[in-house]
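>>> The following comprises the amino acid sequence and a computationally predicted model.
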Amino acid sequence: MYKCFVVIVSFLILPAGLLFSQANYSIENVPEELKQNAGSVVRFDQKIFTVKSPSHAELEVKYAITILHESHKNKAYFQQTYDKFSKINSINITIYDKNGNKIKAVKKTDIEDMSSFSESALFADIRQIVYSPDYFKYPYTLEYAFTKSYKGLLSYPSFYVLDGYDMALQEGVFIVNIPTGNKLRYLLQNTDIEPDVYNVKNEIHYRWNFENIKAIKYEKYDLRFSDLVPTVKTAPANFEMDGYFGNAESWENFGSWIYSLNNGRDVLSEATRNEIIELTKDAQGPKEKIDLVYEYMQSKTRYVNVVVGIGGWQPFTATEVEENGYGDCKALTNYTYALLKTVGVESYYVIIKAGSSASEIKKELPSNQFNHAILCVPNGKDTIWLECTSQRAPTGYMGTFTEGREALLIKEKGSKLVKTPSLTIDDNLRIRKAVVSIDDQGNATAEIENRYQGLYYDNMRNVYYYEGKRRMDQVRRKIHINNFSLDDKQYTLLEYRSDHPYFTENYFVKADHYVKKMGRRLLFDINFFGTEVDVPSAINKQESDIYIHRSLSRIDSLEFIIPEGYYVKSHPGNDTLVTDYGAFYTHFKMDGNKLCYTRKQLINKGTFPADEYAEFRAYLKKINLADKRKVLVMPTEVD
């Protein structure tokens, strides 16, 4: 698997450093193929990570990027974070013009050291060092170098060959040095480049080299960027954080370390114990107990972020939460665990990689890949999952933030990966109904009733909790009816809380000149709500597989009331399109002076071969065109 050579130490480290110090950053030295689809080109990216012990390491970074266009100006923004367990040293930043001539060495006083304290963070010791260039003559190159020392090692760095879309790489070097007798655990993604491995004195050196990597252009239905970019992920075998020693060679071992952080922190005060026992004494079964405990937790606490020292991984004690009335995801999950334990309900602390578009964890590389904690409550044949940071979510509701992904269930012994329930095509349901009245002047009024479940419920939650003008501004942004006006006083949005919660929305709109007048003839779009199916660009050769992130159901029912003295001369025909990517159905029916139109679109989650791109695009184009079809209405005395 490894290529082993005996070399002089200076050969391993110096050439990359010398290349950096003597580099000619003229734009003429960038190969033309790297400029294609690129807003910036990384000229050189070198990371050397040297492990000294399970708790100490040093990272040396040397990096240069040429900004080709203003659209990529933020790619030259320098930002590095540090905390109690790390320190940044010896920062040097230099700017060069398009010919590679040095413009200036950035002064230390121009580099800011500031808190990373966010609005949700009550306690945080994370700081950041930042620099934003004040040079805007494109193209130009920004070069920087720094070292970072660690005194706590839960994670090792990854090397992403490309940092984002529309970025190319000219040369990249990733080196990891570990003490002899230790093990480097690594995982290759989207590359088969194995490291060269060198034994030097008391260290083993792993080195990866990458050259002339072209930019990846964003396409709407591509795989996630993290599933496209060549990446080397590394992880420790043994590690230590703030005196807590652990091993990450298996998920069970890593889970045991998390358990050690939580152990003994679930003790509640006697008063709280008595209160929760009294609250649940008449509960009819475990489910009602869980409901009561969850609602109690929501009423007693609020979420704050805590990122201080080991507190970034270890929860507050349950007593601290009850005394303060707040906690982060870890603390609130641990507190809820303690409440349930008090009333005899078994539950398990779970760590998860949260985010509506978060990439999947890499099961092959047990390590710290998580950013959130939730609670798993077995309940007979069912399992209830509790999001403990929400004061508003119904019991057991898992939205797009945590649904359908691997998570680590924590036990003293036997921690294991589990998968949270996925939102299905039936869960992610949006139903829209409209009664549209058309007059002979081409104006329309509509009474609209919508229902939102699953993903759509998630999207509407912020709207629901906004008030006044802020709410109505959000409502208007999501309406895509031409020339509409909305009566705020007639707008309602109601929440129905259950195992499958949903919102209902009702409003009244006017749409002046919605109908195109041609003499006395009237012509209007059949899709009153407007199309939401974008057709991706035509591509000669699709590089990535096609990726549809979620399954969705969209059902529209429209009833057009035709003005008196008019009739429908022509309307589109019915549609039936069924593919692996989804399905599309439409149906028309005349009922007196009413034209009834039903539209149903089903979207199937999945990954599909790149060579089906033309077929996939053609399917979306058919839907897009169907949404733009017209209805012709004529006066009865004219034909």
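Yes, it's here. Source: prediction; values computed, not measured.

>>> Going along the chain, name the helices of this structure.
Secondary structure of the chain by DSSP state H: the helices cover 9-21, 32-35, 251-262, 270-280, 286-300, 318-324, 329-342, 455-465, 468-477, 613-627.

>>> Residue 410: which of those helices is closest?
helix 251-262 (5.0 Å; C-beta to C-beta). Where C-beta positions appear, they are placed from N, C-alpha and C, glycine not excepted.

>>> quick one on the thing from earlier: export the helices of the chain to TSV and tack on distance to residue 72?
Converted to TSV, the helices of the chain look like this (distance: least, C-beta to C-beta, whole Å):
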stretch	distance to residue 72
helix 9-21	21
helix 32-35	12
helix 251-262	38
helix 270-280	54
helix 286-300	44
helix 318-324	44
helix 329-342	34
helix 455-465	30
helix 468-477	28
helix 613-627	27
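
>>> So residue 130 versus residue 633, what's the distance?
61 Å (C-beta to C-beta, to the nearest Å).

>>> close enough to count as contact, residue 557 and residue 432?
Yes. At 7.4 Å, residue 557 and residue 432 qualify as touching, with contact defined as C-beta atoms under 8 Å.

>>> still on that earlier bit, tell me the most buried of the helices of the chain?
Per residue and on average, the most neighbours among these fall to helix 329-342, with a mean of 25 (mean count of other C-beta atoms under 10 Å).

>>> Mind giving me the packing neighbours of it?
With contacts defined as 3 or more C-beta pairs under 8 Å, 6 or more residues apart in numbering; DSSP states H and E, the packing partners of helix 329-342 are helix 270-280, helix 286-300, helix 318-324, strand 348-352, strand 372-379.

>>> what's the angle from that helix to helix 251-262?
If you take axes from the mean of the first three to the mean of the last three C-alpha atoms, to 10 degrees, helix 329-342 sits at 80 degrees to helix 251-262.

>>> Report the distance from helix 329-342 to the chain centre.
Per C-alpha atoms, centre = their mean, to the nearest Å, the displacement of helix 329-342 from the mean C-alpha position of its chain is 26 Å.

>>> One more: stretch 607-626?
25 Å.

>>> what's next to it, contact-wise?
For stretch 607-626, the external contacting residues (C-beta atoms under 8 Å, 6 or more residues apart in numbering) are 221, 223, 531, 533-536, 538-539, 542-548, 572, 575, 577, 579-582, 584, 586, 601.

>>> Show me just the buried residues among those residues.
221, 223, 533, 535-536, 542, 544-548, 575, 579, 581-582, 584, 586, 601 (16 or more other C-beta atoms under 10 Å).

>>> Cross those residues against strands and list the overlap.
Judged by DSSP state E, the buried ones among the contacts of stretch 607-626 include 546-548, 575, 579, 582, 584, 586, 601 as members of strands.

>>> how close does the closest residue in space to residue 383 that isn't next to it in sequence get to residue 254?
Leaving out its chain neighbours, the residue that sits closest to residue 383 by C-beta to C-beta, 6 or more residues apart in numbering is residue 376, at 6.2 Å. Note on residue 376: its distance to residue 254, by C-beta to C-beta, is 17 Å.

>>> same deal with residue 146?
30 Å.

>>> got it, and residue 38?
Distance of residue 38 to residue 254, computed by C-beta to C-beta: 39 Å.

>>> now swap in residue 611 and tell me
In terms of C-beta to C-beta, residue 611 sits 39 Å off from residue 254.

>>> again with residue 621
From residue 621 to residue 254 the distance is 47 Å (C-beta to C-beta).

>>> Next: residue 331.
20 Å.

>>> now residue 565
75 Å.

>>> What of residue 205?
For residue 205 relative to residue 254 (C-beta to C-beta), the value is 26 Å.

>>> ditto for residue 302
30 Å.

>>> ok, now residue 418?
Applying C-beta to C-beta to residue 418 and residue 254 gives a distance of 14 Å.

>>> same thing with residue 450?
Taken as C-beta to C-beta, the span from residue 450 to residue 254 is 44 Å.

>>> Residue 414 now?
13 Å.

>>> just residue 111 next, same as before
36 Å.

>>> just residue 435 next, same as before
Distance from residue 435 to residue 254, counting by C-beta to C-beta: 57 Å.

>>> can you check residue 577 too?
Distance, residue 577 to residue 254, by C-beta to C-beta: 47 Å.

>>> how about the strands in the stretch 401-550 of the chain?
406-409, 416-419, 429-438, 444-453, 484-486, 492-496, 502-511, 516-518, 521-525, 546-548 (DSSP state E, counting those that start in this stretch).

>>> In CSV, could you pull the C-alpha coordinates for the fourth one?
If I follow you right, that is strand 444-453. What follows is strand 444-453, C-alpha atoms only, in CSV (Å, rounded to 0.1, in the frame of the first residue of the first chain):
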residue,chain,number,x,y,z
ALA,A,444,-58.0,38.0,-11.0
THR,A,445,-58.8,37.5,-7.3
ALA,A,446,-58.0,34.3,-5.5
GLU,A,447,-58.8,32.7,-2.2
ILE,A,448,-55.8,30.4,-1.3
GLU,A,449,-55.4,27.6,1.2
ASN,A,450,-52.1,25.9,1.7
ARG,A,451,-50.9,23.0,3.8
TYR,A,452,-47.2,22.4,4.7
GLN,A,453,-45.7,19.2,6.1
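
>>> what packs against it?
Partner elements for strand 444-453 (3+ C-beta pairs under 8 Å, 6+ apart): strand 429-438, strand 502-511.

>>> Let's have the ones you listed in JSON lines, adding mean neighbour count, distance to residue 43 and mean pLDDT.
Formatted as JSON lines, these follow (neighbours: other C-beta atoms under 10 Å; distance: least, C-beta to C-beta, whole Å; pLDDT from 0 to 100):
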{"stretch": "strand 429-438", "mean neighbour count": "19", "distance to residue 43": "47", "mean pLDDT": "98"}
{"stretch": "strand 502-511", "mean neighbour count": "18", "distance to residue 43": "51", "mean pLDDT": "97"}
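
>>> of residue 130 and residue 633, who's got more company?
residue 633 (23 against 14; other C-beta atoms under 10 Å).

>>> Low-confidence ranges, this structure, go.
1-22, 117-124, 307-309, 311, 638-639 (pLDDT under 70).

>>> per the record, what domains does it have?
Annotated domains of the chain cover 3-218+226-231, 250-419, 429-635 [automatic domain parsing].

>>> Can you lay out those as TSV showing distance to residue 242?
Formatted as TSV, the domains of the chain follow (distance: least, C-beta to C-beta, whole Å):
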stretch	distance to residue 242
domain 3-218+226-231	6
domain 250-419	4
domain 429-635	36
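
>>> so which of these gets nearest residue 239?
Of all those, domain 3-218+226-231 sits nearest to residue 239, with 4.9 Å by C-beta to C-beta.

>>> From the chain's centroid, how far away is the closest one?
The answer for domain 3-218+226-231 is 24 Å, by C-alpha atoms, centre = their mean.

>>> Let the chain start at 556 from now.
Fine by me, first position is 556 from now on; the one you just mentioned is domain 558-773+781-786.

>>> beta partners of residue 1146?
Beta-bridge partners for residue 1146, by DSSP bridges, are residue 1149.

>>> can you count the residues close to it?
Per other C-beta under 10 Å, the neighbour tally for residue 1146 reads 8.

>>> Could you do residue 977 as well?
Residues lying near residue 977 (other C-beta under 10 Å) number 15.

>>> cool, and residue 1005?
By other C-beta under 10 Å, neighbour count at residue 1005 equals 20.

>>> Show me what it is bridged to.
Residues in beta-bridge contact with residue 1005 (DSSP bridges): residue 987, residue 1060.

>>> got the contact list for it?
Counting by C-beta under 8 Å, 6+ apart, residue 1005 has contacts 985-988, 1059-1061.
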